[in-house]
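Peer 1: quick one: sequence plus predicted model below, questions after.
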Amino acid sequence: MQNPGIGFAQSAAVLVPAEKIALPNTQGRIDHMAVDLSRKRLYVAELGNGTVDVVNLATGKVIRRLTGLRAPQGIAYDPKADILAVASDEDGSLRLYAGSDLAPRGVVMLGDDADNVRIDPRNGHVIVGYGSGGLAVIDPGRLQKLRDISLPAHPESFRQIGSRVFVNVPGADQIAIIDIDAGKVIATWKPPRLSSNFPMILDNAGRVAVVFRGQNRLALFDPVTGNVVASLSTCGDADDLFFDEKRNRYYVSCGAGSVDVIAAEAGGLRALARVQTAFGARTSLFVPELDRLYVAARANILGSSADVIVLRAN
């Protein structure tokens, strides 16, 4: 067990290992995941393998594999439209699949490094971060790009409240705030002494939570002023961040080989536990309806196979 870090307990039973789901014949880096709750499916984007695995969560087994993809990394499922959207790095494509049978529904080419994917809950538009700096807004029904919003560098994680989208732009050391309907940047935050902002989430108080890899630090921002209202150190090489509304906690998954559990309290942030996972297992997905955090662990040179570590929230 690795060093729990300052303030973190190793044994606190707030996030408990439940099972491991094997990802057979999967090599290389694993990126984002998505879930279809109605069919009990977990989708795993296997960037280094050029595949997306479809996991039956009831049985804990891979039941299908989508192949022929060029480094898939961003992935999202829209239950209203019943479509799966997969963005790929190497060919800059956004590929759509029917949720029912995963038949191809079409492709929109974005040109380069299609990455994080979100579904606009208001209208079902697919928002994709891509290239050297931009968000694309796509109508999945017409397979048409509606607009581009230019950014000064490649966007990483982004989150939406109404027409406002908060975007991490680590290459420019900033958080950009976009009016997605107007198609323009309306504000930028440049937090001092913080760098490499990758994962982001919005909490139940409307605060913008961001982990900065440069300082291994979680910071909470006031969504109006952009001021940091609280911060706390985290594990290293963080790639995903989620907020558990039921328990008022953040989960930070890190490539250093752990997940940090952090409580949101009136006085700020409090470290609860550091849960060991696997070295390099930095991407994750929290599914509040199932009280589960899914953490993807890649195969390594020591012979361990790729799998999804399932942690139960208590």
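Peer 2: Perfect, thanks for sending it.

Peer 1: contacting residues for residue 300?
Peer 2: Residues in contact with residue 300 (Cβ atoms under 8 Å, 6 or more residues apart in numbering) are 278-280. Backbone N, C-alpha and C define where each C-beta goes, glycine included.

Peer 1: closest one of those to residue 208?
Peer 2: residue 280 (27.1 Å; Cβ to Cβ).

Peer 1: quick check: that closest one touching residue 253?
Peer 2: No: using Cβ atoms under 8 Å, residue 280 is not in contact with residue 253; the gap is 10.9 Å.

Peer 1: and the residue minimising distance to the centre of the chain, what are its bridge partners?
Peer 2: Central residue of the chain (Cα atoms, centre = their mean): residue 240, 5.0 Å from the mean position. Beta-bridge pairing for residue 240 (DSSP bridges): residue 253.

Peer 1: show residues contacting the host helix or strand of residue 261.
Peer 2: Using DSSP states H and E, residue 261 falls within strand 258-265. Contacting residues not belonging to strand 258-265 are listed as 2, 5, 8, 12, 14-15, 203, 205, 218, 220, 232, 234-235, 243, 248-254, 269-277, 284, 293, 295, 311 [Cβ under 8 Å, 6+ apart].

Peer 1: then stretch 288-298?
Peer 2: So stretch 288-298 is contacted by 15, 18, 23, 26-31, 33, 37, 42, 44, 48, 57, 242, 244-246, 251, 253, 259, 277-278, 280-281, 283-287, 304, 306-313 (Cβ under 8 Å, 6+ apart).

Peer 1: what residues of it count as buried?
Peer 2: 290-298 (16 or more other Cβ atoms under 10 Å).

Peer 1: then stretch 207-215?
Peer 2: Neighbour counts over stretch 207-215 (16+ other Cβ under 10 Å) mark 207-213, 215 as buried.

Peer 1: just stretch 31-42 next, same as before
Peer 2: Residues of stretch 31-42 classed as buried by neighbour count (16+ other Cβ under 10 Å): 31-36, 41-42.
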